[in-house]
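> Take a look and give me a structure for this.
(one chain, ligands or ions: 2)
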Amino acid sequence: MNHITIVESKNHVGEEVEIGAWVANKRSSGKIAFLQLRDGSGFFQGIVVKSEVEEEVFQLAKSLNQETSILLTGVIQEDSRSKFGYEIVVKAIKVIGESHDYPITPKEHGTEFLMDHRHLWLRSSKQHAIMHIRNELILATYNFFNEEGFIKIDPPILTANAAEDSTELFHTQYFEQEAFLSQSGQLYMEAAAMAFGKVFSFGPTFRAEKSKTRRHLIEFWMIEPEMAFMDHEQSLEVQEKYVAYIVQSVLDNCSDALDVLERDKEVLKKYTELPYPRISYDDAVKLLNENGFDDITWGDDFGSPHETFIATQYDKPVFILNYPKAIKPFYMKPHPDRDDVVLCADLIAPEGYGEVIGGSEREVDFEALTQRIKDFGLKEEDYAWYMDLRKYGSVPHSGFGLGLERAVTWICGTEHIRESIPFPRLLNRIYP
Ligand code: 4AD
Ligand code: MG
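Ligands and ions are numbered 1, 2, ... in the order given. The predicted structure is shown next:
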């Protein structure tokens, strides 16, 4: 007999098969029991008909608790009433692992309760859909950058200096020396771009940000491409092409998951149309002031209400260009015509999901960068290796970082970023 997974049942209609599964839910009458089954590959229904099985099989089916693991044999048939389209008519059941008083029942539970049981909550159909979309974004990322001639390079996680903002660093001990967990691989990716031309990384990053919002994680995963001989304008074209590509991949390959999440595909289709609009930081401040935001003046960073307002002016992601130098990191190249702003952009997702990409052209001049390091109060000796990149064949280069969980949250249309990563690390949570 064939041992198959639920998702493979379409290839086995009319056959007797064996499946390992968990009982997600169950209802029964005197004559028939319906088992809602899941095995990781999918969800479908098992039907146990009293008159067609041994009495003890029917009694066992009726007694199965939620999340009991079972090995069942039966015949696959089409099921036109369900979206999945197939079900199994059960002949025999073997209990593998018992389950008693499973804490997550089909009733509503509060968020903190579900987060405390995240290790179990991951089994639900909604979480299943989100993790499949996350997986698709990762796959699409590798495909896109390989098709575009990039090579994947892995920067270190343990570092000796700050890449972004020293206040957000997690400190740790590296034998006798102090070290930090990476908050961005960028500086190493710049070295890699000088060696390999077009590179991208995908790895975990850590930020001790005291932000408790629906967009912030303490540990998140970032994709950081870096490109030699590329100015910022060209980088924006790569960014929008990449984002449109991952949205298209989800539309092509995760249709069922989008349905589970009740995500409107017509809305997502709009996000595959290029180019994305661009607005300067200057104009964004004016726009906000004209619309009653008097809490923002030139030089301030935007908060989420500001980003959301700007985003609602467009039906696609929007680039905000050229932020003030003082609110961006030391490595960004100043605008050639204006010393008070830098050649950078944030890509703001529609529908209030906030910044999904931060990117810039890098300062490549040795003297100018040395001055910037001093201005930011950073120690020159910490950046000696990084400065070498400006000594030996420095070239114009640009790069960006896309926060994976921000992108997952936006594409899934879920409310909070905590559901976009299997085990979220939040300001008040490192368990489970
Ligand atoms: O804008 P950020 O800080 O940019 C950098 O780290 C650059 N070094 C990237 C580069 O140019 N190579 O972060 C990039 C992205 C943000 O746009 C956002 O999507 C995500 O990382 N991000 C977070 N996601 C979840 N939780 C947080 N606390 C995040 N902080 C940033
Ligand atoms: Mg940013």
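> burial of Lys391, as a residue count?
8 (other CB atoms under 10 Å). Placement of C-beta: from N, CA and C, glycine included.
> so what's Ser69 up against?
Listed by CB atoms under 8 Å, 6 or more residues apart in numbering, the contact set of Ser69 reads Gly20, Ala21, Trp22, Val95, Ile96, Gly97, Ser99.
> mind listing what the fifth one touches?
Under the criterion of CB under 8 Å, 6+ apart, the neighbours of Ile96 are Gly20, Ser69, Ile70, Leu71.
> try 7 Å this time
By CB atoms under 7 Å, 6 or more residues apart in numbering, the residues touching Ile96 are Ser69, Ile70, Leu71.
> With the last one instead?
Shown in contact with Ser99 (CB under 7 Å, 6+ apart): Asn65, Gln66, Glu67, Thr68.
> What average pLDDT does the helix or strand where Phe309 lies get?
Assigned by DSSP states H and E, Phe309 falls within helix 304-311. Helix 304-311 shows a mean pLDDT of 97.
> which helices and strands does that helix pack with?
Counting contacts by 3 or more CB pairs under 7 Å, 6 or more residues apart in numbering; DSSP states H and E, helix 304-311 packs against helix 281-290, strand 318-321, strand 344-349, strand 354-361.
> Nearest approach to ligand 1 belongs to which of the ones you listed?
Nearest to ligand 1, of all those, is strand 354-361, at 2.4 Å by CB to the nearest ligand atom.
> Outside of that closest one itself, which residues are in contact with it?
Contacts for strand 354-361 (CB under 7 Å, 6+ apart): 215, 231-232, 235, 239, 304, 307, 332-333, 342-349, 396, 398-403, 406-407, 410.
> Count the residues that sit near His216.
His216, neighbours per other CB under 10 Å, totals 20.
> whoops, I mixed them up, Phe196
15.
> who are the neighbours in contact with it?
Ile151, Ile153.
> circling back: and the contacts of Ile96, which is closest to Ala33?
Ile70 (12.5 Å; CB to CB).
> need the strands for the stretch 301-432 of the chain, in chain order.
318-321, 334-335, 338-342, 344-349, 354-361, 397-403 (DSSP state E, counting those that start in this stretch).
> Adding distance to Lys83, mean pLDDT and mean neighbour count, write those out as JSON lines.
Converted to JSON lines, those look like this (distance: least, CB to CB, whole Å; pLDDT from 0 to 100; neighbours: other CB atoms under 10 Å):
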{"stretch": "strand 318-321", "distance to Lys83": "35", "mean pLDDT": "98", "mean neighbour count": "22"}
{"stretch": "strand 334-335", "distance to Lys83": "52", "mean pLDDT": "98", "mean neighbour count": "17"}
{"stretch": "strand 338-342", "distance to Lys83": "49", "mean pLDDT": "96", "mean neighbour count": "16"}
{"stretch": "strand 344-349", "distance to Lys83": "28", "mean pLDDT": "98", "mean neighbour count": "24"}
{"stretch": "strand 354-361", "distance to Lys83": "30", "mean pLDDT": "98", "mean neighbour count": "23"}
{"stretch": "strand 397-403", "distance to Lys83": "32", "mean pLDDT": "98", "mean neighbour count": "25"}
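> Quick check: which of those is nearest to Thr272?
Here strand 344-349 is closest among the strands of the stretch 301-432 of the chain (CB to CB), at 13.8 Å.
> List the neighbouring strands of that closest one plus their orientation.
Taking DSSP bridges as the criterion, strand 344-349 sits next to strand 318-321 (antiparallel), strand 354-361 (antiparallel) in its sheet.
> Pull the last one out as CSV, backbone CA atoms only.
Presented in CSV, the C-alpha positions along strand 354-361 are these (Å, rounded to 0.1, in the frame of the first residue of the first chain):
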residue,chain,number,x,y,z
GLY,A,354,5.2,50.8,6.7
GLU,A,355,8.8,50.6,5.5
VAL,A,356,9.8,47.3,3.9
ILE,A,357,13.1,48.4,2.3
GLY,A,358,15.8,50.8,3.4
GLY,A,359,18.6,51.5,0.9
SER,A,360,21.2,54.0,-0.3
GLU,A,361,24.2,54.8,-2.4
